[in-house]
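Novice: build me a structure from this.
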Amino acid sequence: MGDPDPDTLWRVEQFYSAVGLGIEREVGLVASPMINMHHEGFGRVILTTGRLVVLSRHLRDIHRYGYDSLTALAAEGAKQVAAGAAIIRQYSEVANA
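Specialist: Residues are numbered from 1 along each chain as shown. A predicted model of the protein is given here:
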């Protein structure tokens, strides 16, 4: 398959940056994404707030990354924002550290 397309990598980065911004809007704390991708199309993304890991995802087969529609993209983003915000609320002491 070769190396992932730079546009695909950019879309992944933008998606998780948007999730981080959504979390920040919801709870008022910055959630910073860190992405480590292997050139073969797999890797990991985490979002951190303070000392708390808010989101941790393994990415596989990044060559096929995408969503069928904008509705599906928005639904997945909203789901991840809600989950991240819930974790921050549950462990607010760690998130504020």
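
Novice: quick one: low-confidence parts of this protein?
Specialist: 1-2 (pLDDT under 70).

Novice: redo that, cut-off 80
Specialist: 1-4, 63-66 (pLDDT under 80).

Novice: do a quick rundown of the helices in this protein.
Specialist: Using DSSP state H, the helices of the chain run over residues 6-27, 70-90, 92-95.

Novice: I'd like those as TSV, with mean neighbour count and distance to residue 33 appended.
Specialist: All C-beta spots, glycine's among them, are computed from the backbone N, C-alpha and C. Formatted as TSV, the helices of the chain follow (neighbours: other CB atoms under 10 Å; distance: least, CB to CB, whole Å):
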stretch	mean neighbour count	distance to residue 33
helix 6-27	16	4
helix 70-90	15	11
helix 92-95	15	15
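
Novice: select, out of these, the one closest to residue 53.
Specialist: Nearest to residue 53 among the helices of the chain is helix 70-90 (8.4 Å), distances taken as CB to CB.

Novice: can I get that closest one as CSV, trimmed to CA atoms?
Specialist: Backbone C-alpha positions of helix 70-90 (Å, rounded to 0.1, in the frame of the first residue of the first chain) are rendered in CSV as follows:
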residue,chain,number,x,y,z
LEU,A,70,-20.6,14.4,7.4
THR,A,71,-23.3,13.2,9.7
ALA,A,72,-21.3,10.1,10.6
LEU,A,73,-18.2,12.2,11.1
ALA,A,74,-20.1,14.6,13.4
ALA,A,75,-21.7,11.8,15.4
GLU,A,76,-18.3,10.1,16.0
GLY,A,77,-16.8,13.5,17.0
ALA,A,78,-19.6,14.2,19.4
LYS,A,79,-19.3,10.7,20.9
GLN,A,80,-15.6,11.2,21.6
VAL,A,81,-16.1,14.7,23.0
ALA,A,82,-18.8,13.4,25.4
ALA,A,83,-16.6,10.5,26.5
GLY,A,84,-13.6,12.8,27.0
ALA,A,85,-15.6,15.4,29.0
ALA,A,86,-17.1,12.7,31.2
ILE,A,87,-13.6,11.4,32.0
ILE,A,88,-12.4,14.9,32.9
ARG,A,89,-15.4,15.5,35.1
GLN,A,90,-14.8,12.1,36.9
